[in-house]
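Asker: Here is a sequence together with a model predicted from it:
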Amino acid sequence: MDFEVNYTGEQQRFRSEVRSWLEANVPPAISRRPTTDEESAANYRLRRELGRKLGAKGWLYPLAPKEYGGGGMDVDHAIVLEEEADRFELSLPPYYNSGGTLGAPTILVWGTEEQRRTLLPPIYRGEVRVWQLLSEPEAGSDLAGVRMRATRDGDEYVLNGQKVFIGSDNGTDWMWTLAATDPNGERHKNLSWFMVDARLPGITVQPMDLLGAGESSARSGQKNTIFFEDVRVPASRLVGGENNGWRVASTHLELEHGGGGHIGRNRFWHALLDYCRNTTRDGRPLVEDPDVRDTLADIYIKAQVGRLFGLRNFWLTYAKQPKSYEGPQLSLYMKLAGLWMTGAILQSIGPEALTSDPRWGSEDHFLEAQQRNGIVLMHPGGTADIQKVSMARRIGIGRATRESAGKVS
Ligand SMILES: Cc1cc2nc3c(=O)[nH]c(=O)nc-3n(C[C@H](O)[C@H](O)[C@H](O)COP(=O)(O)OP(=O)(O)OC[C@H]3O[C@@H](n4cnc5c(N)ncnc54)[C@H](O)[C@@H]3O)c2cc1C
């Protein structure tokens, strides 16, 4: 069996074209971690500007259908684009946009033709960014228990409720959400899925500062609490039919729970190796300490396994291959590996890994950020426990009938 990945001449030409374009269009400042709110806003502007340029070329969402503003590319070309963006420490899109990565595929599967034509092009061209509003104070892991109400009133639904841990910094244009349209109805048959304009009267966004460290955020990993008070949403923004929201959600949950995979090097590993080469302790580089080497080797192995799971899931999904447990397997693996890494790094590097003080800590305090993120990332997109539950149900443990992966195309 030959595991070597080979690219055709045409794909190599495409790689050169992408690389030259990115070299000419990615501002170097984009990958610098902002340290003030002003820097964060400026960094976000650069990312959105780049997003719009990528969108105009069909490179922001390369796999999305051309007729709705995407690139219409095959999975191999999309992998080339992701790999080249990764060389600049970027992913596609280059900013947090769960509307494009999770919401848009959901509209493709469940939306009407009219909804696809109106909602998808602004997302795929980078004109709007969109947050996902799912979790509530009483509905995190138990997402089917959401209590936000949506009551039909003529041509509109009136939304009331509260969502937590939402989005990131620098605001949003649209929001998609799950709300109960039949609050006394049978569980899983009482919810509906809406795409909401974030400027509607009655929406309040209140920042929550959490422990995690965001990519383009000066504030550490900003999330938000969002209040809806009598927000009137046009009925045309209901996607997938009334009380069908749980089935609609199976699409984005499949992608968010690891089913969409990911492409790219493990950037953290490269930064860690550089740090260990360039930092001396007792007169010699850290990388020469046998215990540090041992930890680096273990981290490398885990990073490679995660990379390969990510590549496999990306390919399975976008080459439209059958899938079962692979999404939650990747998600569970990455969460557990990240948590293990926080302990291993602290043990081998020592307390320098815990400080953001530039006299002692790592550059851009990337180690200190990892110590926080390794813990925080156990939660978003379904906790490690929930990934284990999903995976178990798909491999035939825990339920008499095996569950299938969510529908993504
Ligand atoms: C950094 C970050 C970003 C986030 N981004 C978003 C976002 O953009 N949009 C959004 O909607 N939400 C977001 N979330 C929320 C996230 O989805 C929830 O935190 C998560 O689903 C867990 O819900 P909870 O916090 O209410 O914990 P709970 O559901 O109350 O769980 C508490 C603990 O109980 C365990 N548990 C619960 N049920 C079970 C079970 N059946 N079996 C075994 N163990 C169980 C959990 O694993 C966890 O350890 C984000 C969270 C974080 C931390």
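Answerer: Okay, I see it. On a predicted model such as this, the values are computed, not experimentally measured, just so you know. Residues are numbered from 1 along each chain as shown.
Asker: distance of Gly145 from Glu138?
Answerer: Computed with C-beta to C-beta, to the nearest Å, the distance linking Gly145 and Glu138 is 7 Å. Backbone N, C-alpha and C define where each C-beta goes, glycine included.
Asker: Please apply the same query to Leu332.
Answerer: Leu332 is 25 Å from Glu138, where distance means C-beta to C-beta.
Asker: More neighbours: the two, which one.
Answerer: A count of neighbours by other C-beta atoms under 10 Å puts Leu332 above the other of Leu332 and Glu138, at 24 against 11.
Asker: now for the longest helix along the chain, which elements pack on it?
Answerer: Assignment by DSSP state H gives helix 290-318 as the longest helix of the chain. When contacts are defined as 3 or more C-beta pairs under 8 Å, 6 or more residues apart in numbering; DSSP states H and E, helix 290-318 packs onto helix 75-87, helix 267-278, helix 326-349.
Asker: Now mean pLDDT and distance to the ligand too, for those helices, in JSON lines please.
Answerer: Shown next, in JSON lines, are those (pLDDT from 0 to 100; distance: least, C-beta to the nearest ligand atom, whole Å):
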{"stretch": "helix 75-87", "mean pLDDT": "95", "distance to the ligand": "22"}
{"stretch": "helix 267-278", "mean pLDDT": "92", "distance to the ligand": "17"}
{"stretch": "helix 326-349", "mean pLDDT": "96", "distance to the ligand": "10"}
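Asker: Is it possible to get CSV of these that adds distance to Arg399?
Answerer: What follows is the helices and strands packed on helix 290-318, written out as CSV (distance: least, C-beta to C-beta, whole Å):
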stretch, distance to Arg399
helix 75-87, 32
helix 267-278, 36
helix 326-349, 14
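Asker: Could you list the buried residues of stretch 104-124?
Answerer: Going by neighbour count (16 or more other C-beta atoms under 10 Å), the buried part of stretch 104-124 is 104-111, 115-116, 118-124.
Asker: Same check on stretch 330-347?
Answerer: Residues of stretch 330-347 classed as buried: 330-335, 337-338, 341-342, 344-346 (neighbour count, 16+ other C-beta under 10 Å).
Asker: burial of the residue of the stretch 101-250 of the chain found nearest the ligand, as a residue count?
Answerer: The minimum distance from the stretch 101-250 of the chain to the ligand, using C-beta to the nearest ligand atom, falls at Gly140 (1.9 Å). The tally of other residues near Gly140 (other C-beta under 10 Å) stands at 16.
Asker: any idea how far Leu134 is from it?
Answerer: With distances taken as C-beta to C-beta, Gly140 is found 9 Å from Leu134.
Asker: same question, Ile386
Answerer: In terms of C-beta to C-beta, Ile386 sits 13 Å off from Leu134.
Asker: tell me which parts of the stretch 101-250 of the chain are close to the ligand?
Answerer: Counting by C-beta under 6 Å from any ligand atom, the stretch 101-250 of the chain comes close to the ligand at 132-135, 140-141, 165-167, 210, 212, 221, 223.
Asker: roughly how far is the longest helix of the chain from the heart of the chain?
Answerer: Mean-position distance between helix 290-318 and its chain equals 18 Å (C-alpha atoms, centre = their mean, to the nearest Å).
Asker: and it with helix 326-349, angle?
Answerer: Counting by axes from the mean of the first three to the mean of the last three C-alpha atoms, to 10 degrees, helix 290-318 points 160 degrees away from the direction of helix 326-349.
Asker: Could you number the chain from 26 rather than 1 from now on?
Answerer: Understood, numbering begins at 26; the last thing we discussed is helix 315-343.
Asker: Run the angle between helix 315-343 and helix 292-303 for me.
Answerer: Counting by the same axes, to 10 degrees, helix 315-343 lies at 160 degrees to helix 292-303.
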